Each structure stands twice: as structure tokens, then as C-alpha cells.
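Colleague: Here is a sequence together with a model predicted from it:
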Amino acid sequence: MKTSELTRKLIEFDTTNPPGNEEKCIRHIGSLLKNAGFHTDYYYFAPKRPSLIARLLPPATATLSQQLPICFSGHVDVVPATASDWKHPPFKPVISDGKLYGRGASDMKGGVAAIINAALSLNQHRLKRSLILVITAGEENSCQGATHLAALPEKPLPEVGALLIAEPTSNYPYLGHKGLLWLKFAVRGKTAHSSMPAEGENAILKAARLLLQLEKYDFNSSPHPLLGAATLNPGTIKGGININSVPDYAEFTIDIRTTPNLSHQQLLNDLKNHLNKDVEIEIIQNETGFSSDPSHPWIQQVFSLCQKYQRSTKQIKAEGISYYTDGAVMKRACGEPPTIILGPGEPHMAHKVDEFCRLDRLEQATEIFLKIMNNWCLQF
Ligand SMILES: [Zn+2]
């Protein structure tokens, strides 16, 4: 089956998250792999929401390499789609103008299909190192599936020698992404009649002063060589009940995008020291990012493999991508292997109306993945 056909089949499973319902899609993938000789195990983090770990082990008679396995990973949940806004139904994929349209075509059922098809083409008789495929549920909501796998006491995610996450990159290899730290700041004051503000303590003004302090905050760190500088953006602000009272409460949220060289705990401590003490800080979300060393031989090998599939002749260089992935969670759980984000989807189509993936990129990704698998699994 061509990768575009398999992508089409996977899109037909409506895995909109919420609620997810990834089970049928994941089980379909699991049975394809099981029929081809993979060992398959399912791990449920909620009813109807399993992730799959599939292992292809060298034949018992093979002279084994001591090296660790390679792992390929992708998620099958997709973000919601409002069918009336789409020119084709989002879960009835259509091929037109060399593109496959459907929710998840780019993010990232195309990537998952390319992984599966490459894995099914691998010459198992010559296998010397294991191949591990991790297909997750619940990625679009704080990497629930991957986080669940990483936290299981039986540790189903093994130590691996290399990790590839097939999120949409137009088949360009990226070496990391930022983390995020979402915080809510609550500021308290004392209410009074607005005609006598000196009798109160204005929580909105206190919040405003804090925000101006935060604007100047420089993270006490130099920019990351791959991912640039950490950023901070206030996203919401609330406070006050009516115009003629001194507000006794205000709150605001900020979204901090961190680089892997910044410890989130240290950052929080530093923020508390930097700011006026009179504020409560609540963590809404806390996910660290990751980066890989560009000089690692496997990374260099993937760079040169990918070069001929680029539309421009520009040399591939070490870069990070803007969005968050399972990669950070998986990398930590799998013993910090070199990790690459590389997949056939178009990054700018993720989560969009009329999402598509280019057919040529789907087949190219399958070729690239098979070459990476061959290089890793069939050699000593
Ligand atoms: Zn994704």
C-alpha cells in the first residue's frame, strides 16, 4: 500500500481530541505491524485511549549488534475540525493537485503512515539491531500518551540509541524545540471607594507594575545556540468589579517559552526574587524543551540523507522548530538519545482548515525513514 493510501485510511478514523477515541486507529496500526512480525503492546491512559509500542527484534539466529535500538514515534490524535469550513470533508480524505486533504494529513497521520510503511519494508532477516515504534494517543493535549508511557512503573519505553519524531517539517530535520512554562499571577489589594483611592490598595496598579518589571526580565541567560532566546508574553489580564471601586484583586497569565539550558525551577525562583514578593504564582503548564548535539554522527548522517529531498539547494543546518512535541518527553524517558523531528507534513498546515500533505513528500519521507532504519538496524 502506498503511504498516501495508508495516510488516507488513518485519517478516516476520527481521532479528534477531545475526546480522542484513538483506539480503533491505534489497533489498526497494531494489527498491521503484528501481522508483519512485530511484538505489539497497548498501554491505556484512559478508556479507548491506548498508545502502542511495537518492537521488531532481530531473528534468534542473528549475530546481534550490541548497539541500542532506534525508535520512531508519532501521534494519531488530531485537533478538532469544523466540517462546514472545509472544502472537502475533514475525515473523508480527498486527493487533488498532488495533495491529500484531511484532518491530520500533515499533523501527523502522514508521518505515522510513513513510519509504518518504512518499517514494513525493512528486511527483517538481516536485522541486527531492534526497531521500536511508539505510536501515541493524546499528544495534542499536553502529550498525555507519551507522559503516561514515561511514568509507567514497568518502563515500557526502553533506552534507545536514536529517536525520530515524525511531526510535520516538510522533510527537513530539526534538532529541538523550546519548552513552555505557563504561569498565573494573582495580586491582592484593599478595596475602597474610588473617590478616595488613598484609603485602598489598587491591585490593578500593582499588577501593572509587575508586568512592566516582567517586560524587562532578561532570564539571566544567553541565547541558546539552536533555539535562540527564551521569550515571555502576557496573554490575559483580569481585575476589578466596577469603575467606582478600588480593586482588591487582579490576575494575569504569562506564557514563557524556555530554552533547554534554563531550569524551570530556577526560573521560577528567580522570578519570585526578581518581582515584588506580594504576588501568588500558580503553574498552569510546565513542559521542558530539548535540543540535540548537531555534531553527533547519527544526526550528521540524517542531515546528508535528507539533503537531496530539499526543494532548495540550501545546505541543511542545525535548527529548532517552533512547536512543542512528544520528543521532549520521549527523549527524557529513552535515556537522552540524539533526537530529530522530521516528517512529511507541512508545518504551516498543522491545525488549519483544509489541512493537506503533499503526496511526493509522503513517499519521500517513507524512503528517508527506510534508509535511516536500514543504516541503523542492518549494520553492526
Ligand atoms: Zn503533532
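Modeller: Perfect, thanks for sending it.

Colleague: hey, let's count contacts and neighbours off CA atoms from now on
Modeller: Will do.

Colleague: Mind naming the longest helix for the protein?
Modeller: helix 359-377 (DSSP state H).

Colleague: and it, what does it pack onto?
Modeller: Judged by 3 or more CA pairs under 8 Å, 6 or more residues apart in numbering; DSSP states H and E, the packing partners of helix 359-377 are helix 3-12, strand 70-75, helix 110-121, helix 297-307.

Colleague: Show me what the following helix or strand past the shortest one pairs with in its sheet, parallel or antiparallel.
Modeller: Right, the one you point to is strand 70-75. As assigned by DSSP states H and E, the chain's next helix or strand after strand 70-75 is strand 94-96. Applying DSSP bridges, strand 94-96 is found paired with strand 99-101 (antiparallel).

Colleague: how about the closest residue to residue 350 other than its chain neighbours, secondary structure?
Modeller: Of all residues beyond its chain neighbours, the one nearest residue 350 is residue 107 (5.3 Å), with distances taken as CA to CA, 6 or more residues apart in numbering. Three-state assignment for residue 107 (DSSP: H, G, I helix; E, B strand; the rest coil): helix.

Colleague: mind listing what residue 107 touches?
Modeller: 78, 167-168, 345, 347, 349-351 (CA atoms under 8 Å, 6 or more residues apart in numbering).

Colleague: now do residue 112
Modeller: 7, 73-76, 135, 166.

Colleague: could you dump stretch 292-309 to PDB, C-alpha only?
Modeller: Output of stretch 292-309 as PDB, limited to C-alpha atoms (Å, rounded to 0.1, in the frame of the first residue of the first chain):
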ATOM      1  CA  SER A 292      20.300  17.500  20.200                       C
ATOM      2  CA  ASP A 293      24.000  17.900  19.500                       C
ATOM      3  CA  PRO A 294      24.400  18.600  15.800                       C
ATOM      4  CA  SER A 295      27.800  17.000  15.700                       C
ATOM      5  CA  HIS A 296      26.500  13.600  16.700                       C
ATOM      6  CA  PRO A 297      27.400  11.100  13.800                       C
ATOM      7  CA  TRP A 298      23.700   9.900  13.500                       C
ATOM      8  CA  ILE A 299      22.500  13.500  13.200                       C
ATOM      9  CA  GLN A 300      25.100  14.200  10.500                       C
ATOM     10  CA  GLN A 301      24.100  11.000   8.700                       C
ATOM     11  CA  VAL A 302      20.400  12.000   8.700                       C
ATOM     12  CA  PHE A 303      21.300  15.600   7.500                       C
ATOM     13  CA  SER A 304      23.200  14.200   4.500                       C
ATOM     14  CA  LEU A 305      20.400  11.700   3.800                       C
ATOM     15  CA  CYS A 306      17.800  14.500   3.800                       C
ATOM     16  CA  GLN A 307      19.800  16.900   1.700                       C
ATOM     17  CA  LYS A 308      18.700  15.600  -1.700                       C
ATOM     18  CA  TYR A 309      15.000  15.800  -0.700                       C
END
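
Colleague: Now that stretch: buried residues?
Modeller: Neighbour counts over stretch 292-309 (16 or more other CA atoms under 10 Å) mark 292, 294, 298-300, 302-303, 305-307, 309 as buried.

Colleague: Then stretch 24-43?
Modeller: Under 16+ other CA under 10 Å, the buried positions of stretch 24-43 are 24-27, 29-30, 33-34, 38, 40, 42-43.

Colleague: Tell me where the stretch 101-250 of the chain has helices.
Modeller: Remark: helices assigned in the stretch 101-250 of the chain by DSSP state H, counting those that start in this stretch are 110-121, 144-151, 203-215.

Colleague: Of the ones you listed, which is nearest residue 95?
Modeller: helix 110-121 (13.2 Å; CA to CA).

Colleague: how long is stretch 248-264 end to end?
Modeller: Taking CA to CA, to the nearest Å as the measure, stretch 248-264 stretches 30 Å from start to finish.

Colleague: And for stretch 305-321?
Modeller: End-to-end distance of stretch 305-321 (CA to CA): 19 Å.

Colleague: same thing with stretch 12-26?
Modeller: First-to-last residue span, stretch 12-26, CA to CA: 12 Å.

Colleague: Can you list the buried residues in that stretch?
Modeller: By neighbour count on 16+ other CA under 10 Å, the buried set for stretch 12-26 is 12-17, 20-26.

Colleague: average pLDDT across that stretch?
Modeller: In this model, stretch 12-26 carries a mean pLDDT of 97.
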